[in-house]
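*Asks:* I would like the atomic coordinates for the input below:
(chains A and B)
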Number of protein chains: 2
Amino acid sequence: MVQVPRGTRDFTPEEMVKRQYLEQAMTATFSSFGYQQIQTPSFEHVELFTAKSGDAIINELYAFTDKGGRQLALRPELTAPVIRCYIERLQMEPKPLKVFYFGNCYRYDRPQKGRYREFQQAGCEIIGAGTPEAAAELLALAYSLLQNAGLQTIHLNIGNLTLVKSLFKKLRLVHDDQKTLLPFIDKGQFEDLKVALRDCGVSEQETTTCLQLLQTPDLSDIREFLRGDTEAEKELSVMETILELLQNAFAVKDYSLKLSIVRGLDYYTGMVFEIDAPVLGAEKQLCGGGFYELIPLLGGTAVPTAGFAVGFDRTILALEAEHFVFPASRLDVYVVPVNPEMVPQAIQIVQQLRSTGLSVDFDVLQRGIGKSLKYAAAKQAHTVVIVGPKELENNSVTLRDMDTGAQQTMAISALQTMLDKK
Amino acid sequence: MVQVPRGTRDFTPEEMVKRQYLEQAMTATFSSFGYQQIQTPSFEHVELFTAKSGDAIINELYAFTDKGGRQLALRPELTAPVIRCYIERLQMEPKPLKVFYFGNCYRYDRPQKGRYREFQQAGCEIIGAGTPEAAAELLALAYSLLQNAGLQTIHLNIGNLTLVKSLFKKLRLVHDDQKTLLPFIDKGQFEDLKVALRDCGVSEQETTTCLQLLQTPDLSDIREFLRGDTEAEKELSVMETILELLQNAFAVKDYSLKLSIVRGLDYYTGMVFEIDAPVLGAEKQLCGGGFYELIPLLGGTAVPTAGFAVGFDRTILALEAEHFVFPASRLDVYVVPVNPEMVPQAIQIVQQLRSTGLSVDFDVLQRGIGKSLKYAAAKQAHTVVIVGPKELENNSVTLRDMDTGAQQTMAISALQTMLDKK
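*Replies:* Model prediction:
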């Protein structure tokens, strides 16, 4: 028997209800922020991903060759494809351009708990606006996206890679040193970082300061240390404006400044951020993003770009962990013709109810009332309409409320109004 | 510069509006018919597709090997994956089970006009109901799906492979002959069919009868010819009931009986159908389906199954060809702070409007009123809200109707009500 490929998943109707809910909720929030949806292909030229992420990514790609001998790969992420699409199709659009998207991504690694070879991401980019207003709005959007979806407890951590790079410069750390240190910072492994800093020749006192600054929630500590670095001072003022707007204009108050949010050193620049759902424990990061430079690398004209990605699967896990009540997928009406002669009239009632948008099904197997009621209960139908010959003579049917079990006879003409009220 | 892979497409915001519209319209119709959405992975084990379609399909597959040495392929169609999912996950669900889905499919051939290497399909299956009621409802669903989406002129052609096989039997045609003839029948190439029938040893008189029966809209002609074939006679009664229900109970009157609708000989059984959009000319088929046998082939317990697939891309082409007016994607409100001091208040207004579901953007670049109005016009904003110091002193803002150009001053507290009415 052929099975679902290892590391991939089928989604049953029950699971799809959750996914449809989340996609709709996210679409509503993206749209309310003036973002427009786009879509790119499931696979791209391999060079697109190596240009962004380096050759090491090739081992994580599902790659294949097309009939023209082109090296293609299923996309491991969505930002590079979206920026490629921007350069090819959207570069002349009025700026800022705000786009969002949903898409499956593919990672060719060993499947683990909560990690799949095919997984869905949501994301967005704002292209052509690098102001503090744009930055603060991006943070507010990411926060609202998860909050509006129904999450109770999320936490926003904001970092800044320009400041981290200034810190590294002040500590006289060369690029290779920085690359070595970054994973420790990213994972918050500060004991390991301490050792690594010493190995890089950083004094004990400076190491202490560095660790403190990577964890301080206070911009003024950082300002003090980086005084005289004009680029850092300018960036600090930008960060102050961003946080001020975020807190007072966008009313997002539950955030932390955290320079240890570093993400990618070569790719990101300026403000970066992550949003966690503490309910998920170790694998708690739902969202990550910031300002980055990718357009010139892919052959476009440099403009400020920022964006973020949200793990769709992990957001559903977080909602489930918080016992979020997803909208139920119930059948509105199940119609039962009591004998074969009733079938045409039953269908006419079914079609009339469907035309108003109700979800309606009927007994196509002529199983009789007992089995039909059982089936309707399994499908969580709200109401069963029984079409019998005696009632039909009076243009009536029998209505059964499946929650209470109450039955009543009702004129067919009144049925619609009755059901609409439910 | 890296480009979109040959044979694939990016969808810009303008194109996505159409796709979102169609997906929502189809989802609403599927749901009203009591169908529930499911989703399967983008790739499957190669055996799944060769089991359904034979080894020849391998040349059309995007295939690759996973880390466990498994032969995988991007799905070329959705029915086999859905039936695999049914067997693995849903076989114990109450019957009939009604599922629908959207999904990208992949075909590894030379790109041509209107044919893409990645394309979207919609489809559904009803599992566990082989009655005329189920058949007629499936036809009505396919018809409603396209009609409710906004198509003005579609035509439903209904065939029956049990009857075609009886016809072949009566003409003493062996299986290999049938395979040779089928493509001519499928493409309506009746002159070529005539020659082929003669080559198969069919007499001139029987050839004439065969051609006439493949084109007759009248079941009684077919009944006459197949008299004495009990299986055919039974199937003719079933077809009569299906057409009777379709026309009188489901009120679908625009259909033709057409035995030359043959689709796949080994796969389909009983009723089959196709829906065309004549506006599309030669490539007019939007939808095809019928009853088929696939579950036992994939290792499940045999139950009646029927379903259909709809070409999503081609349905959009048909809507465009009919000049269907897709819903516009306009920005509801664009907010312009006239100077930097107005930014926090402007953002508060923006956030308040967004919280009610309106699509709202604001000038994050502080470009001033002239440029902002130009940007708002490009984004087809309904309304521009100008936040200036004088008006703000009176808790007011200036509202500009972008369609008429009319401006008025309005209290911030009244803004919401005013905009909701638009």
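*Asks:* Can you name the next helix or strand after the host helix or strand of residue A:105?
*Replies:* Assigned by DSSP states H and E, residue A:105 belongs to strand A:97-106. Next along the chain after strand A:97-106, taking DSSP H and E as the criterion, comes strand A:118-127.
*Asks:* Grab the nearest non-local neighbour of whichever residue of the stretch 301-422 of chain A sits closest to chain B.
*Replies:* Nearest residue of the stretch 301-422 of chain A to chain B (C-beta to the nearest C-beta) works out as residue A:361 at 3.2 Å. Just so you know, the C-beta spots here come from the backbone N, C-alpha and C atoms, and that holds for glycine as well. Nearest non-adjacent residue to residue A:361, counting by C-beta to C-beta, 6 or more residues apart in numbering or on different chains: residue B:34, 3.2 Å away.
*Asks:* Who are the contact partners of residue A:168?
*Replies:* Contact partners of residue A:168, counting by C-beta atoms under 8 Å, 6 or more residues apart in numbering or on different chains, are A:177-178, A:181.
*Asks:* ok, so of the residues you listed, who is nearest chain B?
*Replies:* Closest approach to chain B among the contacts of residue A:168 (C-beta to the nearest C-beta): residue A:178, at 27.9 Å.
*Asks:* Counting neighbours, what do you get for the closest one?
*Replies:* The local packing of residue A:178 (other C-beta atoms under 10 Å in any protein chain shown) involves 20 other residues.
*Asks:* Let me see the contact set for it.
*Replies:* Residue A:178 makes contacts with A:165, A:168, A:265, as judged by C-beta under 8 Å, 6+ apart.
*Asks:* One more pass at 10 Å, please.
*Replies:* Counting by C-beta atoms under 10 Å, 6 or more residues apart in numbering or on different chains, residue A:178 touches A:164-165, A:167-169, A:171, A:185, A:200, A:262, A:265-266.
*Asks:* Could you export these as JSON lines, including pLDDT and secondary structure?
*Replies:* As requested, the contacts of residue A:178 are arranged in JSON lines below (pLDDT from 0 to 100; DSSP: H, G, I helix; E, B strand; the rest coil):
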{"residue": "A:164", "pLDDT": "94", "secondary structure": "helix"}
{"residue": "A:165", "pLDDT": "92", "secondary structure": "helix"}
{"residue": "A:167", "pLDDT": "93", "secondary structure": "helix"}
{"residue": "A:168", "pLDDT": "92", "secondary structure": "helix"}
{"residue": "A:169", "pLDDT": "92", "secondary structure": "helix"}
{"residue": "A:171", "pLDDT": "91", "secondary structure": "coil"}
{"residue": "A:185", "pLDDT": "92", "secondary structure": "helix"}
{"residue": "A:200", "pLDDT": "90", "secondary structure": "coil"}
{"residue": "A:262", "pLDDT": "88", "secondary structure": "coil"}
{"residue": "A:265", "pLDDT": "70", "secondary structure": "coil"}
{"residue": "A:266", "pLDDT": "76", "secondary structure": "coil"}
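*Asks:* and the residues you listed, which are buried?
*Replies:* Neighbour-count burial (16 or more other C-beta atoms under 10 Å in any protein chain shown) applied to these gives A:164-165, A:167-168, A:171, A:185, A:200, A:262, A:265.
*Asks:* Excluding covalently adjacent residues, which one is nearest to residue A:117?
*Replies:* Closest residue in space to residue A:117, ignoring its immediate chain neighbours: residue A:7 at 3.3 Å, by C-beta to C-beta, 6+ apart.
*Asks:* So the one you found sits against residue A:114, correct?
*Replies:* No: applying C-beta atoms under 10 Å as the test, residue A:7 and residue A:114 come out as separate, 11.7 Å apart.
*Asks:* neighbour count winner among these two?
*Replies:* A direct count of neighbours by other C-beta under 10 Å for residue A:7 and residue A:114 places residue A:7 higher, at 21 against 13.
*Asks:* re earlier: which element is the residue nearest to residue A:361 on?
*Replies:* Short version, using DSSP H and E: residue B:34 is in no helix or strand.
*Asks:* Up against chain B, what does the stretch 301-422 of chain A have?
*Replies:* Counting by C-beta under 10 Å from any C-beta of the partner chain, the positions of the stretch 301-422 of chain A adjacent to chain B are A:329, A:331-334, A:337, A:340, A:343-351, A:353-367, A:371, A:374-379, A:381.
*Asks:* sorry, back to before: name the element the residue nearest to residue A:117 belongs to?
*Replies:* Assigned by DSSP H and E, residue A:7 belongs to no helix or strand.
*Asks:* For it, give me its contacts.
*Replies:* Residue A:7 sits in contact with A:106-112, A:115-119, B:41, B:66-68, where contact means C-beta under 10 Å, 6+ apart.
*Asks:* which of the residues you listed sit farthest apart?
*Replies:* The span of the contacts of residue A:7, defined through C-beta to C-beta, is set by A:119 and B:68 at 18.5 Å.
*Asks:* the more surrounded of the two?
*Replies:* Using other C-beta under 10 Å, the more surrounded residue of residue A:119 and residue B:68 is residue A:119, with 18 against 11.
*Asks:* pLDDT score for residue A:422?
*Replies:* Confidence at residue A:422, expressed as pLDDT, is 65.
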